[in-house]
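A.B. asks: sequence and predicted structure, then a few things I'm wondering about:
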Amino acid sequence: MLSLGRYGAAREMYQEALTLDGGKNAVAKKGVAMCWEEERRVKIREMALVKQRQQQQEEEERKMKEEQKREEEKKKEEEKDSTEDDLLDDFFNEVEETNTTTTTATPEPTTTTPEPAAPQSNNISKQLTKLGTPLSQINRLLSPNYEWKNLNPFYVLDIPHTAPLDIISRRYKALSLLIHPDKCSEQRAKEAFEQVRIAMILLKEEEKRKHVHD
């Protein structure tokens, strides 16, 4: 019985032998004691296993909750970025209107391919973080010999020559938010923004953008 792990049944057999022998059988006494000890060990192992499973379950639930929390925070951050961009739309639309130049010639119709949606990492909020302070941008745009430096519109917007139109537009909007005279009280903001405005005019048209790139 002991070899089969049936300690309860073995203990009963030893106990029966002790009863029949008047409690004098040493082997039976030892057997009863061994059975009690083994039963105690089994219960300890079972309790430890139950506790281990509970801990594993609690750990899995904790990880699941943390993952859900991260997903919720990520979603809230994306919604926040989207909301911030929406709230700035009116301002940027006004800025865009000042960017429109009147011409006497009627522009030829062109077929354009829609630009792909900008990745989340390029939203305006993150662009602002990269640009620093309004004063630092004004100093960069109006640094010595800026008239020559700013002939390169990519330099003005501080973006690579390979940047697509959606990135160009977002960088322009971010710079506008920083240094537009309606938003910035620096005395040189108007002139700095004019440099940005002209750069955007050049880069909005594919042919001009290609010419600058070449």
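C.D. replies: Perfect, I can see it now. Numbering: from 1, shown residues only.
A.B. asks: distance of residue 153 relative to residue 40?
C.D. replies: 83 Å (Cβ to Cβ, to the nearest Å). From N, CA and C alone the C-beta is placed, and that goes for glycine too.
A.B. asks: who has more neighbours out of those two?
C.D. replies: It is residue 153, of residue 153 and residue 40, that has more neighbours when counted by other Cβ atoms under 10 Å, with 23 against 11.
A.B. asks: domains of this protein?
C.D. replies: Domain segmentation of the chain under automatic domain parsing yields 7-77, 116-213.
A.B. asks: can I get those in a markdown table including mean pLDDT?
C.D. replies: Formatted as a markdown table, the domains of the chain follow (pLDDT from 0 to 100):
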| stretch | mean pLDDT |
| --- | --- |
| domain 7-77 | 78 |
| domain 116-213 | 85 |
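A.B. asks: okay, those, which one's buried deepest?
C.D. replies: For these, the largest average neighbour count (mean count of other Cβ atoms under 10 Å) is found in domain 116-213, namely a mean of 16.
A.B. asks: now residue 177, nearest residue through space, not along the chain?
C.D. replies: Nearest in space to residue 177, with sequence neighbours left out and distances taken as Cβ to Cβ, 6 or more residues apart in numbering, is residue 183 at 6.1 Å.
A.B. asks: try residue 149
C.D. replies: Here the residue nearest residue 149, using Cβ to Cβ, 6+ apart, is residue 155, at 5.9 Å.
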